[in-house]
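Chemist: next one to model:
(2 chains)
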Amino acid sequence: DAGVIQSPRHEVTEMGQEVTLRCKPISGHNSLFWYRQTMMRGLELLIYFNNNVPIDDSGMPEDRFSAKMPNASFSTLKIQPSEPRDSAVYFCASSLGADYQPQHFGDGTRLSIL
Amino acid sequence: DAKTTQPNSMESNEEEPVHLPCNHSTISGTDYIHWYRQLPSQGPEYVIHGLTSNVNNRMASLAIAEDRKSSTLILHRATLRDAAVYYCILRGVFGNEKLTFGTGTRLTIIP
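Modeler: Numbers count the residues shown, from 1 in each chain, chains lettered A, B, ... in the order given. Okay, here's the model as predicted:
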């Protein structure tokens, strides 16, 4: 079975540009999570959706970040305008939604903002 | 969320058992103990979880203290592929889908 699929795997862009990260969750999973990992802050949750509805976006750093889930099989995380401090690895994860169900992570998108 | 405490790093010889400790003295009665690991350049990977009883699966075993204030992840026979950062995470039973990652334990396997 296909796991969580993220694209692109790597993104290098200049400061001020718009960046869009994409995620396809595991089919049948109804919860989707976006995480960010940096050396300084470790792994931190940005936002999560349940049944395509955003439940908790308290981790979204600022208005430059936005996330959408238009349907059960696709989500995007957008940064506009991007800044060098946004450089990080961004992970998407999905789960069956029950509180104790494991989350399945994608391989991440390594983002570098120059 | 209740906090967990793990050693920053551990080393183990290949093909020997590894015991990774986790302290969670403020755990509540409804908190599950979850373990994830992150191999180099990959996303975190679920390993095991439990509530009160010891648990076994194909990857590892989880031993939970009787008072639930600590737990130990056991890799029965470490291989080089087990070199990773291991995270011990508490999750409440209801309304708490998100995972709060700490700094974890970096496990090095010595050939």
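Chemist: number of nearby residues for the residue of chain B found nearest chain A?
Modeler: The nearest approach of chain B to chain A comes at B:Gly43, 3.1 Å away (C-beta to the nearest C-beta). To be clear about C-beta, it is placed using only N, CA and C from the backbone, and glycine gets the same treatment. For B:Gly43, the neighbour count with other C-beta atoms under 10 Å in any protein chain shown is 23.
Chemist: now it: closest residue in space that isn't a chain neighbour?
Modeler: A:Phe105 (3.1 Å; C-beta to C-beta, 6 or more residues apart in numbering or on different chains).
Chemist: which residues touch the closest residue to B:Leu80 other than its chain neighbours?
Modeler: Distances taken as C-beta to C-beta, 6+ apart put B:Ile109 closest to B:Leu80, at 5.2 Å, once the chain neighbours are dropped. Neighbour list for B:Ile109: B:11-14, B:78-80, B:82-83 [criterion: C-beta atoms under 8 Å, 6 or more residues apart in numbering or on different chains].
Chemist: those residues: which two are farthest apart?
Modeler: Farthest pair in these (C-beta to C-beta) is B:Glu11 and B:Thr79. Separation: 14.3 Å.
Chemist: what sits against residue 12?
Modeler: In the absence of a named chain, chain A is used. A:112, A:114.
Chemist: sorry, should have said chain B
Modeler: Taking C-beta under 8 Å, 6+ apart as the test, what B:Ser12 contacts is B:18, B:78, B:107-110.
Chemist: go on, A:Ser94?
Modeler: A:Ser94 neighbours (C-beta under 8 Å, 6+ apart): A:4, A:25-26, A:29, A:31-33, A:103-104.
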